[in-house]
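> Mind folding the following:
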Amino acid sequence: MANKTENTLAALLIGAAVGAVAGILFAPDKGSKTRAKIKEGFDEAKDKIKDQFENASTDLKEKAADAKDNLEETFENLASNMSHKSEELISFLETKLAELKQQNAKYQK
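Model (predicted):
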């Protein structure tokens with residue numbers, strides 16, 4: 001879904017740039033003025049793309065940092081949970097071992 005939106009946005013930006021260039025080329029200005037306008041238009045488009053890239057890069061870095069924090073928290077919770085389960089298992093096994101020792105002591109009279 002986001003990919004279609006991005007493609008549509010890119011198509012609109014390209015269409016606007018092509019329309020602007022076509023309008024400048026057909027304007028009744030001198031060649032030097034037309035070239036200056038074209039250069040200015042390309043510079044503006046370059047700046048917009050650079051800003052969009054920087055924004056996307058910043059967003060991606062933030063999302064990666066959030067994902068890392070969530071992963072670390074999940075791992076810590078899992079490790080803590082496993083530690084509690086290990087303690088419960090050890091206690092259970094110690095109880096069963098004590099019961100077996102008692103039963104074995106009855107047979108060793």
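
> could you show me where the helices are in the protein, in order?
Remark: helices assigned in the chain by DSSP state H are 2-25, 31-107.

> Let's have those helices in TSV, adding mean pLDDT.
Formatted as TSV, the helices of the chain follow (pLDDT from 0 to 100):
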stretch	mean pLDDT
helix 2-25	76
helix 31-107	87
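
> Would you reformat those helices as CSV and include mean neighbour count?
C-beta: built from backbone N, CA, C; applies to glycine. Formatted as CSV, these follow (neighbours: other CB atoms under 10 Å):
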stretch, mean neighbour count
helix 2-25, 11
helix 31-107, 10
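
> residues touching Asn49, list them.
For residue 49 the amino acid is Ile, not Asn. The contact partners of Ile49, by CB atoms under 8 Å, 6 or more residues apart in numbering, come to none.

> I'd like the distance between it and Glu40.
As judged by CB to CB, to the nearest Å, Ile49 and Glu40 stand 15 Å apart.

> likewise Asn104?
Counting by CB to CB, the gap from Asn104 to Glu40 is 94 Å.

> can you check Ala11 too?
For Ala11, the distance to Glu40 equals 23 Å [CB to CB].

> ditto for Phe92
Distance of Phe92 to Glu40, given as CB to CB: 77 Å.

> same check, this time on Gln103
Going from Gln103 to Glu40 by CB to CB gives 93 Å.

> Same question for Lys48.
In terms of CB to CB, Lys48 sits 13 Å off from Glu40.

> do the same with Leu12
Distance, Leu12 to Glu40, using CB to CB: 20 Å.

> One more: Asp69?
Applying CB to CB, the value for Asp69 to Glu40 is 44 Å.

> repeat for Phe26
17 Å.

> ditto for Leu93
From Leu93 to Glu40 the distance is 78 Å (CB to CB).
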